[in-house]
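1. what's the 3D shape of this:
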Amino acid sequence: MGPEEQLTYLYSDSQINAAFISEFLQENGIPCFIRNDMFSGVSAGFGAAFPGSESKLFVKKKHFMQARILLDKYLQVREEGEI
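-> Just a heads-up that it's a prediction; the model follows:
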């Protein structure tokens, strides 16, 4: 895997918000990956739920700048209450 294919951290939020952002990015042609260590541990049977656990959103390095622009746009619209 080349450097442009490596995953790069983009954003952290709740699992629900991360899912919405992931869907928005994918609708705009940017594949992404959500990692939630707490959820993974619970699913495997050795973790506990902690309030405030965040999901981390990752994109390929080659998509980072475009993803950042789309994310900023999404967050601005969300802040203005339009979504």
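
2. which regions of the protein sit below the pLDDT cut-off?
-> Filtered on pLDDT under 70, the chain yields the residue ranges 1, 38-53, 82-83.

3. So Ala58 lies in a strand, does it not?
-> For residue 58 the amino acid is Phe, not Ala. Yes: per DSSP: H, G, I helix; E, B strand; the rest coil, Phe58 lies within a strand segment.

4. Counting neighbours, what do you get for the closest residue to it other than its chain neighbours?
-> Leaving aside its chain neighbours, Phe58 sits nearest to Leu7 (4.1 Å; criterion: Cβ to Cβ, 6 or more residues apart in numbering). To be clear about C-beta, it is placed using only N, CA and C from the backbone, and glycine gets the same treatment. Leu7: 18 surrounding residues under other Cβ atoms under 10 Å.

5. Might you report the residue contacts of Leu7?
-> By Cβ atoms under 8 Å, 6 or more residues apart in numbering, the residues touching Leu7 are Phe33, Phe58, Val59, Lys60, Lys61.

6. The third one: neighbour count?
-> Neighbour count for Val59, taken as other Cβ under 10 Å: 24.

7. Is it in contact with Asn28, as I believe?
-> No: using Cβ atoms under 8 Å, Val59 is not in contact with Asn28; the gap is 11.2 Å.

8. Pull the helix or strand where Gln66 lies out as CSV, backbone CA atoms only.
-> If you go by DSSP states H and E, Gln66 is part of helix 64-79. Taking Å, rounded to 0.1, in the frame of the first residue of the first chain, the C-alpha atoms of helix 64-79 are listed here in CSV:
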residue,chain,number,x,y,z
PHE,A,64,-8.0,14.1,2.9
MET,A,65,-8.2,17.7,1.6
GLN,A,66,-11.5,17.1,-0.3
ALA,A,67,-12.9,15.4,2.8
ARG,A,68,-11.9,18.2,5.0
ILE,A,69,-13.6,20.8,2.8
LEU,A,70,-16.8,18.7,2.7
LEU,A,71,-16.7,18.1,6.4
ASP,A,72,-16.4,21.8,7.1
LYS,A,73,-19.3,22.5,4.8
TYR,A,74,-21.4,19.7,6.5
LEU,A,75,-20.6,21.1,10.0
GLN,A,76,-21.4,24.6,9.0
VAL,A,77,-24.8,23.6,7.7
ARG,A,78,-25.4,21.4,10.8
GLU,A,79,-24.5,24.4,13.1
